[in-house]
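>>> Provided below are the primary sequence and the corresponding predicted coordinates.
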Amino acid sequence: MNDEDIGREPAAPPGAAGETPFRSGYAAICGPPNAGKSTLLNRLIGERLAITTSRPQTTRRRMLGILSGEGFQIVFVDTPGILEPRYALQSAMMKEVGRALADADLLLLVTDIRAAELAPGVFEAARRKPLVVALNKADLVADRETSLPILDRLRAQAPEAEFFVLSALRGGGVDALRARLIELLPAGAPFYPPDQLTEHPERFFASELVREAIFERFHQEVPYSTEVQIDEFKERDAGKDYIAATIFVESESQKGILIGRGGRAIRDLGHQARGAIESFLGRPVYLELRVKVLPDWRKDPRALRRFGY
C-alpha cells in the first residue's frame, strides 16, 4: 500500500467554522498485543516516550503522553495489550486497561490491519464515548484492495466507530488521525501546563529503558520474567548522574542468562541501556545493574504490590 493511500478511510471531516472553545480530554490507546500502540503514541506526540520492541506484551503499565497545541490538549494513555490473563501480573495489566477505558473521554483502538481484532471490552466502554479504530501497519500491506474486506468486516461489527488506515512506523495517515481525535475532544480547560509531555518521573523512564534493552537482547521467556526497580537516582551538578537498578528474575537459571559468562551479558546490557537513558535524559549517567531472584513474582500478589501493580 502506498503512503498516499494510507489514511483515506475516511477523510477527516472539516472542523466547525468560527471560534471554538478550548478542548481537552483523555484518549485511551488500547488493542491487542503487538499492534503498535506504543509506536503510535510516540508518533502522535512527536516524542519517544513509550518503549517499543518487536515482542508482544512489552507495555505493562499505563503511559501518559501529553500533546498540547493552539486551543487543545489531549492526554494519550497507552495501555497494555488486551489478552486473557494467565497469571497475576497479566490480571493486574488488564485492570490497568479497564481503568484507562473507564476514565477516558474517547477510545483509540489500534489493531494490525493484517489480522484486525476488535476487543469486546472496548465496545462495552465505547457505548458511552467515541470510538476510533486505527488499522495500523498499512505499510506491510501490498495494495489498498487487500485491506478493503477487512475494513468492511470491522465496520459491520462497529458501525458507530470511525476508521483510519495508517502506519505508525512510517507516519502515513497519522496526521489525519490526530486531527480527528482533537476534534472529538470535549470542551474544557487543560489538565497540564502546555510544555509538559508526561506525568511520569525520570526514574520511571530509566527503568523502562532498561526493560526495553532486556527485551531486545534476550529471548524466549526471560524478558517476560524480569522486572526492573530503580534503587537510586542521583542527579549531580558535576559529573555523571548515578542510577542503580535491580533486575528481578524468577529463577537462578534466568539470573545466569542475564549475567552471562564472566559478567559479559550484564555489561553489554548495561552499555545498551545506559546509551538509551543518556539519549532520553540528554546528559551522561553512570548505570549500575544488579540481578536478584524473586521466585514466581509474576504470580505473587505481594510482589506485584511491591512493584506498584
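Sure thing, it's come through. Numbering: from 1, shown residues only.
>>> just the strands in the stretch 151-300 of the chain please.
Listed in chain order, the strands found in the stretch 151-300 of the chain under DSSP state E, counting those that start in this stretch are 162-165, 227-234, 241-249, 285-293.
>>> which SS state does residue 84 fall under?
coil (DSSP: H, G, I helix; E, B strand; the rest coil).
>>> What pLDDT does the model give residue 1?
Reading off the per-residue confidence, residue 1 sits at a pLDDT of 57.
>>> let me redo that: residue 41
Taking residue 41 on its own, its pLDDT is 97.
>>> residues touching it, list them.
With contacts taken as CB atoms under 8 Å, 6 or more residues apart in numbering, residue 41 has the following neighbours: 29, 49-50, 63, 65, 76, 78. C-betas here are computed from N, CA, C, even on glycine.
>>> re earlier: residue 261 is nearest to which of the strands of the stretch 151-300 of the chain?
In terms of CB to CB, the element of these nearest to residue 261 is strand 285-293, at 14.2 Å.
>>> buried set for the helix or strand following that closest one?
For strand 285-293, the succeeding helix or strand toward the C-terminus, using DSSP states H and E, is helix 301-306. For helix 301-306, the neighbour count (16 or more other CB atoms under 10 Å) marks 303-304 as buried.
>>> What helices and strands are in contact with helix 301-306?
The helices and strands touching helix 301-306, judged by 3 or more CB pairs under 8 Å, 6 or more residues apart in numbering; DSSP states H and E, are helix 88-103.
>>> Show the secondary-structure elements that the helix it packs on is packed against.
In terms of contacts (3+ CB pairs under 8 Å, 6+ apart), helix 88-103 is packed against strand 23-30, helix 120-126, helix 301-306.
>>> Among those, which comes closest to residue 295?
The closest of the helices and strands packed on helix 88-103 to residue 295 is helix 301-306. By CB to CB, the value is 9.1 Å.
>>> Need the winner for burial among the helices and strands packed on helix 88-103.
strand 23-30 (a mean of 24; mean count of other CB atoms under 10 Å).
>>> one step back: same list, the helices and strands packed on helix 88-103, but as a markdown table with distance to residue 246 please.
Output for the helices and strands packed on helix 88-103, formatted as a markdown table (distance: least, CB to CB, whole Å):
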| stretch | distance to residue 246 |
| --- | --- |
| strand 23-30 | 30 |
| helix 120-126 | 34 |
| helix 301-306 | 11 |
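>>> Where does the prediction get shaky in the stretch 1-150 of the chain?
Low-confidence segments of the stretch 1-150 of the chain (pLDDT under 70): 1-18, 117-121, 123, 125-126, 144-146.
>>> can you map out the helices along it?
Along the stretch 1-150 of the chain, counting by DSSP state H, counting those that start in this stretch, helices occupy 37-45, 88-103, 120-126, 144-157.
>>> would you turn those into CSV with distance to residue 296?
CSV is the format used below for these (distance: least, CB to CB, whole Å):
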stretch, distance to residue 296
helix 37-45, 27
helix 88-103, 9
helix 120-126, 27
helix 144-157, 39
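>>> Single out the most deeply packed of the ones you listed.
Most buried of these by mean neighbour count (mean count of other CB under 10 Å) is helix 37-45; its value is a mean of 24.
>>> Distance from that one to the middle of the chain?
Taking CA atoms, centre = their mean, to the nearest Å, one finds the center of helix 37-45 at 7 Å from the center of the full chain.
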